[in-house]
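Novice: sequence plus the predicted model coming up.
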Amino acid sequence: MAPVTLGKAINMGLRKAMEDDPKVLLMGEDIGRLGGVFRVTDGLQKDFGEDRVIDTPLAESGILGTAVGLAMRGYRPVCEIQFDGFIFPAYNQIVTQVAKIHARSRGRMPMRIVVRVPFGGGIGAVEHHSESPEAYFSHTPGLKVVACSNPVDAYWMIQQAIRQDDPVLFFEPKRRYWEKADLDTTVEPEPLFESRLVRPGHDCTVLAYGPMVKTALQAAAAVEGEGRSLEVVDLRTLSPLDLGPVFESVRRTGRCVVVHEAPTNLGLGSEIAARITEECFYSLEAPVLRVGGYDTPYPPSKMEEDYLPDLDRILDAVDRSFTF
């Protein structure tokens, strides 16, 4: 095992997928010669050629429209959206074509497309570079949506996503690209569409995905010395949601806090809180609480630390869950 960054793990996963299947190709703005703005695809065009790692024009709708045609011909295109806020020119293609063609063709024409989306804040970027649009796509039938939180998951999940017959939105926490973990490429990976308990506890369940998993773990470590034990679950899959382990955890702890960077209003936390309340009502000692971004456009970079959920806001929610 050797420590690798999350960004490098995705690069390694893409390389393995391209080696295993000649129908896998990459498309995106500046992903070839430059290796992408985050260098996630660095070296892949050099090794696989310009026909398989394609530098596209600055036209997201064109990228996805081309991917639809390629998928119809049996290819497995992996499309990079350079920044989260740039995905909206392709929104029509994704929700009205990519998500529906498999069903529209009565299963005869699968859309084997992966859309890679660096998402979330924390990098001091300007407008349209720090958004969390995952709820739009999780709400769309026909799309699968996943979010990795660490290098090990990043390596395996990108390969698993590419092998799917349904389109997958693959959300990558951009502010975690440079964080390292040991990666053993010989172990059997966990299934793609399953959540995972990452820290056991008994006082309160904290649910997170993507960049917020690390923050949730930091919150759990911070209160350990105070005699309070938080159980942390990495959701990993946003559509379909895998809530079986969540329900088991909440039935043990009796309390739950859901954390995400996206605004809390009509965010994924709302659906998760509703489902937990339906399934675990008689086990709950307090309402399910949500911690997220504020109901405003993402602020200028000087203010983003006040906007993003942090350790203190998570712990405040945990404390409030003990006051009911």
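Specialist: Now that the structure is in, tell me what you want to look at. Numbering: from 1, shown residues only.
Novice: the longest strand along the chain packs against which elements?
Specialist: Looking across the chain with DSSP state E, the single longest strand is strand 256-263. On a contact count with 3 or more C-beta pairs under 8 Å, 6 or more residues apart in numbering; DSSP states H and E, strand 256-263 meets strand 204-208, helix 212-224, helix 244-253, helix 268-280, strand 289-293, helix 311-321. C-betas here are computed from N, CA, C, even on glycine.
Novice: hey, which of the ones you listed is tucked in deepest?
Specialist: Mean neighbours per residue, mean count of other C-beta atoms under 10 Å, is largest over the helices and strands packed on strand 256-263 for strand 204-208, with a mean of 29.
Novice: before we move on, the earlier item: neighbouring strands - and their directions - for the longest strand of the chain?
Specialist: Sheet pairing for strand 256-263, assigned by DSSP bridges, gives strand 204-208 (parallel), strand 289-293 (parallel).
Novice: what's the local residue count around residue 242?
Specialist: 17 (other C-beta atoms under 10 Å).
Novice: what does stretch 302-313 contact?
Specialist: For stretch 302-313, contacts defined as C-beta atoms under 8 Å, 6 or more residues apart in numbering pick out 121-122, 124, 130, 212, 215, 218-219, 222, 259-261, 291-294, 296, 298-299.
Novice: 7 Å instead, please
Specialist: 121-122, 130, 212, 215, 218-219, 222, 259, 261, 291-294, 298-299 (C-beta atoms under 7 Å, 6 or more residues apart in numbering).
Novice: for residue 82, which of the helices and strands packed on strand 256-263 is the nearest?
Specialist: Of all these, it is strand 289-293 that lies closest to residue 82, at 21.2 Å by C-beta to C-beta.
Novice: now do the closest one: everything it contacts.
Specialist: 132, 257-264, 267, 269, 273, 307-309, 313-314, 317, 320-321.
Novice: quick one: mean pLDDT over that strand.
Specialist: Across strand 289-293, pLDDT averages out at 97.
Novice: go on, stretch 39-58?
Specialist: Averaged across stretch 39-58, the pLDDT comes to 97.
Novice: mind checking the end-to-end distance for it?
Specialist: 17 Å (C-alpha to C-alpha, to the nearest Å).
Novice: just the buried residues of that stretch, please?
Specialist: For stretch 39-58, burial by neighbour count (16 or more other C-beta atoms under 10 Å) applies to 40-42, 44-45, 48, 52-54, 56.
Novice: pull the most distant pair out of those.
Specialist: Between all members of the buried residues of stretch 39-58, the farthest pair (by C-beta to C-beta) comes out as 42 and 56, at 17.1 Å.
Novice: now for the nearest residue to residue 254 once chain neighbours are set aside, how many residues are close by?
Specialist: Counting by C-beta to C-beta, 6 or more residues apart in numbering, residue 254 lies nearest to residue 285, which is 3.8 Å off, once chain neighbours are set aside. Residues lying near residue 285 (other C-beta under 10 Å) number 14.
Novice: what about residue 285, which SS state?
Specialist: coil (DSSP: H, G, I helix; E, B strand; the rest coil).
Novice: wait, it touches residue 253, no?
Specialist: No. Taking contacts as C-beta atoms under 7 Å, residue 285 lies outside contact range of residue 253: 8.4 Å.
Novice: still on that earlier bit, what residues does the longest strand of the chain touch?
Specialist: Residues contacting strand 256-263 (C-beta under 7 Å, 6+ apart): 120-121, 132, 134-135, 204-209, 211-212, 216, 250, 267-269, 272-273, 276, 288-295, 308-309, 314, 317-318, 321.
Novice: ok, residue 264 - contacts?
Specialist: 290, 292.
Novice: so how far is the longest strand of the chain from its chain's centroid?
Specialist: Strand 256-263 sits 13 Å away from the centroid of its parent chain (C-alpha atoms, centre = their mean, to the nearest Å).
Novice: and the angle for it with helix 244-253?
Specialist: Put simply, strand 256-263 runs at 130 degrees to helix 244-253, going by axes from the mean of the first three to the mean of the last three C-alpha atoms, to 10 degrees.
Novice: tilt between strand 256-263 and helix 212-224?
Specialist: Angle between the axes of strand 256-263 and helix 212-224 is 140 degrees (criterion: the same axes, to 10 degrees).
Novice: start the count at 455 instead of 1 going forward.
Specialist: With the count now opening at 455, the last piece we talked about shows up as strand 710-717.
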